[in-house]
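**Student:** I'd like to go over a predicted model; first the sequence, then the structure.
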Amino acid sequence: MRRKIVAGNWKMNKNVIDAQQLMVQLLSYKNNNTTNCEVWIAPPSLYLMMAKDVFEKDEIGVFAQDISEHESGAYTGEISVDMLESIDATGSLIGHSERRQYHGETDSHCNRKVKLALDKGLIPVYCNGETLEQRKAGQHFEVVKNQTEVALFTLSAEEIKKVVIAYEPVWAIGTGETATPEQAQEIHAHIRSIIAAKYGQEVADEVSILYGGSVKPDNAKEIFSQPDIDGGLIGGAALKLEDFSKIIEAFN
Ligand SMILES: O=C[C@H](O)COP(=O)(O)O
C-alpha cells in the first residue's frame with residue numbers, strides 16, 4: 001500500500017511565535033481527530049528543532065525545505081543531512097521549483113541530495129514539474145521524464161521505493177491556477193510508468209506521488225481521488241489550520 005500524505009511547505013513564512021502557535025494547533029488537531037493520511041510539515045529550518053519538541057511522539061513528520069548536497073564543511077548557510085539526522089527529522093524536500101528558480105538547483109544536485117538523504121534514513125520528497133513555457137510548448141511529459149531520470153535513476157529499487165515524488169507544475173504554484181485533476185493524473189501516471197519501465201510495476205506501485213500547486217480545501221478531494229495521486233504538497237493553504245485541516249480531511 002502506498003503512503004497517503006498531506007505535507008505542508010511553510011516556505012519563508014511566520015515568526016517564531018506564529019510558527020509555534022500553528023504547531024501547537026496542529027498537534028491538538030492531530031490528537032483529537034482520526035486522519036486517513038500521514039501529516040507532514042516543512043517549516044523554515046530555524047524552527048525544525050521546535051517542531052521536533054512539539055511533535056515529540058512523531059505525531060507529525062518534520063521535514064527540512066532543503067538540504068546541502070555536501071556532507072559537511074565550509075558551506076555557509078546550508079544544513080546537512082547529518083544535522084537533520086541528529087535531531088531525528090523525518091526528511092527533506094529536495095528540488096523545489098523555488099530552489100531551482102532562485103538558487104540554480106538542477107536535477108544533478110537533486111540526485112546527490114536524494115542519495116545523501118536516503119543514506120541517513122531520511123525521506124527525500126523530490127519535487128519536479130514543468131514551467132508554463134514548457135507546458136505551452138507541449139514539452140511537459142518530456143521535461144518531467146528527464147527530471148525524474150536524472151534525479152532518481154541512479155537509485156536501487158529498494159531506494160526508490162523510499163522516495164516520495166511531488167509533481168508541482170511551476171505555473172500552478174502560488175498562482176491560484178491549479179492543474180485540473182485530469183491534467184495532474186496524466187502526469188502522475190506518466191511518472192509512475194517511467195519508474196515502472198526502469199524498476200518494474202511492483203516497485204512503481206509503491207512510490208507515493210504527491211501533487212502540489214494551489215491545492216485548497218475546495219479542490220483537494222477531487223485531486224486526491226485520482227488513482228495515481230497519493231496526496232499533496234501544500235504551500236499557501238498550509239499556513240492556517242482551518243485550511244490545512246480541511247485538506248487533510250479530503251482523505252476522509
Ligand atoms: O510546496 C508547495 C508548493 O509550492 C505549492 O504551493 P501553493 O500551494 O502555495 O501553490
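**Tutor:** That came through fine.
**Student:** what's near enough to touch the closest residue to the ligand within the stretch 151-252 of the chain?
**Tutor:** For the stretch 151-252 of the chain and the ligand, the shortest gap (C-beta to the nearest ligand atom) falls at residue 235, measuring 2.3 Å. Where C-beta positions appear, they are placed from N, C-alpha and C, glycine not excepted. Residues in contact with residue 235 (C-beta atoms under 8 Å, 6 or more residues apart in numbering) are 8, 9, 11, 173, 174, 212.
**Student:** show me how far the helix or strand harbouring residue 191 is from its chain's centre.
**Tutor:** Assigned by DSSP states H and E, residue 191 belongs to helix 181-199. Taking C-alpha atoms, centre = their mean, to the nearest Å, the mean C-alpha location of helix 181-199 is offset from the chain mean by 16 Å.
**Student:** stretch 17-33 now?
**Tutor:** 20 Å.
**Student:** with stretch 225-239 instead?
**Tutor:** That offset, for stretch 225-239, works out to 9 Å (C-alpha atoms, centre = their mean).
**Student:** got the CA positions of that stretch in PDB?
**Tutor:** Output in PDB follows, covering the C-alpha atoms of stretch 225-239 (Å, rounded to 0.1, in the frame of the first residue of the first chain):
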ATOM      1  CA  SER A 225      -9.400  11.000  -5.700                       C
ATOM      2  CA  GLN A 226      -7.300  10.400  -8.800                       C
ATOM      3  CA  PRO A 227      -5.800   6.900  -8.900                       C
ATOM      4  CA  ASP A 228      -2.100   8.000  -9.100                       C
ATOM      5  CA  ILE A 229      -2.300  10.900  -6.800                       C
ATOM      6  CA  ASP A 230      -1.300  10.000  -3.300                       C
ATOM      7  CA  GLY A 231      -1.700  13.300  -1.500                       C
ATOM      8  CA  GLY A 232      -0.500  16.800  -1.700                       C
ATOM      9  CA  LEU A 233       2.400  19.200  -1.100                       C
ATOM     10  CA  ILE A 234       0.600  22.300   0.100                       C
ATOM     11  CA  GLY A 235       2.000  25.800   0.200                       C
ATOM     12  CA  GLY A 236      -0.300  28.800   1.000                       C
ATOM     13  CA  ALA A 237      -3.100  26.700   2.400                       C
ATOM     14  CA  ALA A 238      -0.800  25.000   4.900                       C
ATOM     15  CA  LEU A 239      -0.300  28.300   6.800                       C
END
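**Student:** may I see the buried residues of that stretch?
**Tutor:** 226, 228-239 (16 or more other C-beta atoms under 10 Å).
**Student:** filter those residues down to the ones in strands?
**Tutor:** Among the buried residues of stretch 225-239, DSSP state E puts 231, 232, 233, 234 in strands.
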